[in-house]
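In: With the sequence up front, the predicted model follows.
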Amino acid sequence: LGIIYQFSVDRENKLTETYIREKSEKYSVRWMYTDFRVIDKQIFPRDMQVQALMDGKSKGGMEINYNKIELDKPVDFDFSIPSKYTRITFNQIVKSLTRSKK
């Protein structure tokens, strides 16, 4: 078992796509980045599209749009991990995203 990562960049060396798949190529995730803006002298994508794939076919996804971006600001997450938490693998995540809804 293993995971393969592929990254694509444009002519300006901006990361435009991340493709993550398991070695068998049955399950994969494609993450695309667009609408780049300069924020605090750093280039940042305002829009991201995520697709969960099974056997190369889209099984769902989501779109993330940032309208207020602040970089390098302290963030405090006040939460605890439940005692019933069970660690899961990348394959388990993708399989749950790509299950057919009946």
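Out: Great, that's in hand.

In: only C-alpha atoms for contact and neighbour calcs from this point on.
Out: Fine.

In: how about stretch 80-88 as CSV, C-alpha atoms only?
Out: Taking Å, rounded to 0.1, in the frame of the first residue of the first chain, the C-alpha atoms of stretch 80-88 are listed here in CSV:
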residue,chain,number,x,y,z
SER,A,80,-10.4,18.3,23.0
ILE,A,81,-10.2,15.0,21.1
PRO,A,82,-13.0,12.6,22.2
SER,A,83,-11.9,9.4,23.9
LYS,A,84,-13.8,7.4,21.3
TYR,A,85,-11.7,9.0,18.4
THR,A,86,-10.3,6.4,16.1
ARG,A,87,-7.5,7.3,13.6
ILE,A,88,-8.4,6.6,10.0
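
In: Contacts for the lowest-mean-pLDDT helix or strand in the chain next, please.
Out: Every helix and strand of the chain was ranked by mean pLDDT, DSSP states H and E. The lowest is helix 90-98, at a mean of 76. Helix 90-98 has contacts (CA atoms under 8 Å, 6 or more residues apart in numbering) with 22, 27-29, 52-54, 59-60.

In: Spatially central residue (nearest the centroid) of this protein, please.
Out: Against the mean C-alpha coordinate of the chain, by CA atoms, centre = their mean, the closest residue is Trp31 at 4.9 Å.

In: Poorly predicted segments of the protein, please.
Out: Applying pLDDT under 70 to the chain flags residues 1, 99-102.

In: same thing but 50
Out: For the chain, the stretches with pLDDT under 50 are 102.

In: all strands of it, in order?
Out: Under the criterion DSSP state E, the chain contains strands at 3-9, 15-22, 27-39, 42-54, 57-65.

In: of all those, which lies closest to Lys73?
Out: strand 27-39 (12.6 Å; CA to CA).

In: Next, count neighbours for Lys68.
Out: Number of residues near Lys68 (other CA atoms under 10 Å) recorded here: 6.

In: that older thread, with distance to Gln92 added, can I get the strands of the chain in TSV?
Out: Formatted as TSV, those follow (distance: least, CA to CA, whole Å):
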stretch	distance to Gln92
strand 3-9	13
strand 15-22	11
strand 27-39	10
strand 42-54	12
strand 57-65	15
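
In: No further queries at this time; thank you.
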